[in-house]
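[1] structure of the sequence below:
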Amino acid sequence: MIASLKDLAQRPAPWLVGEAPDRDIVLSSRVRLARNVEGRHFAHTAGESTLDELRERVLAATGRVGGLVGATVLNMEDLAELDRRFLLERHLISVDLVRNLPGRCLVVSDDEAEGIMVNEEDHLRIQTLRTGLDPLGALKGALRLAEELEAEVPFAFDERLGYLTACPTNVGTGLRASVLLHLPGLAQTGDIERVLNSLRRLNYTVRGFYGEGSGVIGSLYQVSNSVTLGPSEDDIVQELLRHTRQVIAAERKARRYLMESEEVGLSDRVWRAHGVLSHARLLSTKEAFERLSDVRLGSGLGILPGVDESMLNMLLISVQSAHLQIVAEASLDAPARDEVRARYVRDQLAIAHTRKDER
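    Just a heads-up that it's a prediction; the model follows:
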């Protein structure tokens, strides 16, 4: 069980570290399954007493599900707004759970790889996260959780339509599969919009690092399926995998072009970014993300050999505002956060450099 949010904030997000396929471009893969309890109103039309009853019923069921035995349960109404925003930054809850509190909760495994949002838009949002390009592994985990839960709590299902959901766009499989991509090569060559528009024409949704409603920061993009009715879960994820591999190939081509045609300029950009992160005394979230993006690109291309990519991935999470304040155990205004963020990044880079020298 997770001891506290501060302990969580001080450790790397497991789904962003470790060896994984194509991890220099694909940071993580996620699958979410929308499910609703049979015979109950959808969450947005249910009263507080119904939401509380549904939550207790789901929690009783999760206690008997293998992957969630001993999992941490966080009731949204028991958390301060800063705590909820921390969980959002951690990619464990959605904006919906930041804003809507009664009867809502998060159930999350110790390694953060498996979880359930209760009474979000749907009664259950079953979520699995995996490092790198592994949407099939995420799907397998999510379907296993859903199957075990359905044995305890019957889900609303129609023979013709499939799983019934609060939003018609999720009806059928109720599946949203996504990959988090780092595409600085395509951004710097100017090919990014062409690639993203091709994905949109194939009915994929493209969002920023924070998901729905967020802008792009640090050349990080979330790509997910839009179609949930018709194809099977496996077909949806296989298609996402196929198109993601095409994007990976395009990004690698863009990176090769930059190394061949603009090597000095690219190296200068990467080393300047490393210099800023190593010495800055004030650092905004946006600048931190942009400079980390440059350093991450330099690491992948061998311009900055020996830089720990897992550490860079960890920083993308831990430099965010709520994370900094949870660790500091204090409410910080924007200038104070910029100062704390810069110091934190300097310290982490210095630790990584020391470890490199010791090896």
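
[2] only C-alpha atoms for contact and neighbour calcs from this point on.
    Noted.

[3] mind telling me what element the nearest residue to residue 315 once chain neighbours are set aside is part of?
    Using CA to CA, 6 or more residues apart in numbering and skipping residues adjacent in sequence, the residue nearest residue 315 is residue 345, 7.4 Å away. Following DSSP states H and E, one finds residue 345 within helix 334-358.

[4] please apply the same query to residue 295.
    helix 285-300.

[5] next: residue 11.
    Going by DSSP H and E, residue 11 is not in any helix or strand.

[6] state the number of residues packed around it.
    The number of residues packed near residue 11 is 10, by other CA atoms under 10 Å.

[7] just the pLDDT for it.
    At residue 11, the model reports a pLDDT of 86.

[8] circling back: convert the C-alpha atoms of the helix holding residue 295 to CSV, please.
    Output of helix 285-300 as CSV, limited to C-alpha atoms (Å, rounded to 0.1, in the frame of the first residue of the first chain):
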residue,chain,number,x,y,z
THR,A,285,7.3,24.3,-16.1
LYS,A,286,7.2,25.1,-19.8
GLU,A,287,11.0,25.9,-20.0
ALA,A,288,11.8,22.7,-18.0
PHE,A,289,9.8,20.6,-20.4
GLU,A,290,11.3,22.2,-23.5
ARG,A,291,14.9,21.9,-22.3
LEU,A,292,14.3,18.3,-21.0
SER,A,293,12.9,17.5,-24.5
ASP,A,294,16.1,18.8,-26.1
VAL,A,295,18.3,16.9,-23.7
ARG,A,296,16.3,13.7,-24.1
LEU,A,297,16.7,14.0,-27.9
GLY,A,298,20.5,14.5,-27.4
SER,A,299,20.6,11.4,-25.2
GLY,A,300,18.8,9.3,-27.8
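
[9] so residue 292 makes contact with residue 218?
    Yes. Residue 292 lies in contact with residue 218 (CA atoms under 8 Å); the separation is 7.4 Å.

[10] in the stretch 151-300 of the chain, which spans are strands?
    157-158, 162-163, 175-182, 204-207, 220-225 (DSSP state E, counting those that start in this stretch).

[11] of all those, which one comes closest to residue 335?
    With CA to CA, the closest approach to residue 335 among those belongs to strand 220-225: 24.9 Å.

[12] tally of neighbours for the closest residue to residue 241 other than its chain neighbours?
    Residue nearest to residue 241 in three dimensions, not counting chain neighbours: residue 135, with 7.1 Å by CA to CA, 6+ apart. By the measure other CA under 10 Å, the count of residues near residue 135 is 25.

[13] for residue 135, what are its contacts?
    29-31, 177-179, 237, 241 (CA atoms under 8 Å, 6 or more residues apart in numbering).
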